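J.: Task: produce atomic coordinates for the following.
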Amino acid sequence: MAGAGRDHLAVLLDFDGTLAEIADRPDDVRLDPRLRALLERLGHTPRVLVGIISGRALDDIRRHVGLEHILYAGNHGLELAGPGWTLAHDAAVEARGLVAACCDRLSLRLRDVRGVLVENKGLSASVHFRLVPRKSVTTLRRIVLEELERVPPGRLVAREGKMVLEILPAVDWDKGRAARRLLEHALGDGWEARCSVVYVGDDSTDEDAFVALAENGITIRVAPYPQPTAARYQVRNVEEVGRLLEAIAGWMTDPT
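T.: Predicted coordinates for the structure are as follows:
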């Protein structure tokens, strides 16, 4: 698993759609206890780092995973944390008020759209439309873009995910940069020469990480069928991610 001269392994994973099945509402998502146990086992293995990199807010993803000794990146990497430390992107913190005001206006304008959920995540926001009737989705997208036009130019942007529109600070940052910063903070400068990486994700936002980590290890897209991706490999579903974690845990803890 590790390359020449590399004595550490980082296992970095998205959450929704990768470690846990996507649900109609974000609060309904549950992490299988078996997968949590695997993450805990890996997290306590010498020279192994486990990190969860999610679009959820930092406190939210910590609550869903429930492990204190691993690394986390919330809000698509705008906030990072590990045992005893937290970091947040300064420009994203400065945009918090704009995100909150945008959420307030969207909640008001979309109040009559059945099934919509406007989620203020502090440093970013999500407009979930998984439960929205298909005929209303075009209107929803138009309203979101109109509200972003009311924000001072160059401050907030929209990005589409799986049945969600993400509202993000317009900063030069993504999951790839976040993953590298997370490992730099955990291992120090020059971590690339000492650490191989396995990165697993299922969404378009994970493509940035696949590109950023291409030379450091193995990148894997979770998708039920083959699709264009920068990842080197694909698995079909959360169950196969679990099998991968079982295999890695076996390799890293086998004394032979």
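J.: alpha carbons only for contacts and neighbour counts from here, please
T.: Will do.
J.: contacting residues around the helix or strand encompassing residue 196?
T.: Residue 196 is part of strand 195-201 when elements are defined by DSSP states H and E. Identification of contacts with strand 195-201 by CA atoms under 8 Å, 6 or more residues apart in numbering yields 1-3, 6-15, 17-18, 209-210, 213, 216-222.
J.: Of these, which belong to helices?
T.: 209, 210 (DSSP state H).
J.: Give me the ChimeraX select line for the contacts of strand 195-201, limited to the buried ones.
T.: In ChimeraX, this line selects whichever of the contacts of strand 195-201 come out buried by 16 or more other CA atoms under 10 Å:
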select :8,9,10,11,12,13,14,15,17,18,209,210,213,216,217,218,219,220,221,222
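J.: Show me where the stretch 51-200 of the chain has its helices.
T.: In the stretch 51-200 of the chain, the helices defined using DSSP state H, counting those that start in this stretch lie at 58-65, 90-94, 96-109, 134-149, 175-187.
J.: Off-centre distance for the fourth one?
T.: Per CA atoms, centre = their mean, to the nearest Å, the displacement of helix 134-149 from the mean C-alpha position of its chain is 24 Å.
J.: next one: the last one
T.: Taking CA atoms, centre = their mean, one finds helix 175-187 lying 13 Å from the centre of the chain it belongs to.
J.: tell me which residues in it are buried?
T.: 175, 176, 177, 178, 179, 180, 181, 182, 183.
J.: Show me the two of those that sit farthest apart.
T.: Across those, the longest distance by CA to CA is 12.2 Å; it joins 175 and 183.
J.: Return the closest of the buried residues of helix 175-187 with respect to residue 66.
T.: residue 182 (18.8 Å).
J.: what's near enough to touch that closest one?
T.: Counted by CA under 8 Å, 6+ apart, residue 182 has contacts 71, 73, 80, 81.
J.: which one of the residues you listed sits closest to residue 226?
T.: Checking the contacts of residue 182 one by one against residue 226 (CA to CA), the nearest turns out to be residue 73, at 27.3 Å.
J.: Find the residue closest to residue 69 in space, skipping its chain neighbours.
T.: Closest residue to residue 69 apart from its sequence neighbours, by CA to CA, 6 or more residues apart in numbering: residue 83 at 5.6 Å.
J.: Residue 44: what's it in contact with?
T.: Residue 44 touches residue 69, counting by CA under 8 Å, 6+ apart.
J.: Give me the phi and psi for the closest residue to residue 43 other than its chain neighbours.
T.: What sits nearest to residue 43 in space, not counting adjacent residues and going by CA to CA, 6+ apart, is residue 50, at 5.5 Å. Main-chain dihedrals, residue 50, degrees, to the nearest 10: phi -120, psi 130.
J.: ditto for residue 238
T.: Torsion angles, degrees, to the nearest 10, at residue 238: phi -60, psi -40.
J.: so it makes contact with residue 21?
T.: Yes: with contact defined as CA atoms under 8 Å, residue 238 reaches residue 21; the gap is 6.6 Å.
J.: picking up where we left off before, which neighbours do residue 175 and residue 183 have in common?
T.: Counting by CA under 8 Å, 6+ apart, nothing touches both residue 175 and residue 183.
J.: Identify each buried residue in stretch 101-108, please.
T.: So, applying 16+ other CA under 10 Å, buried residues of stretch 101-108: 102, 103, 106, 107.
J.: And stretch 34-43, by the same measure?
T.: 35, 36, 38, 39, 40, 41, 42, 43.
J.: pLDDT value on the residue nearest to residue 43, please?
T.: At residue 50, the model reports a pLDDT of 98.
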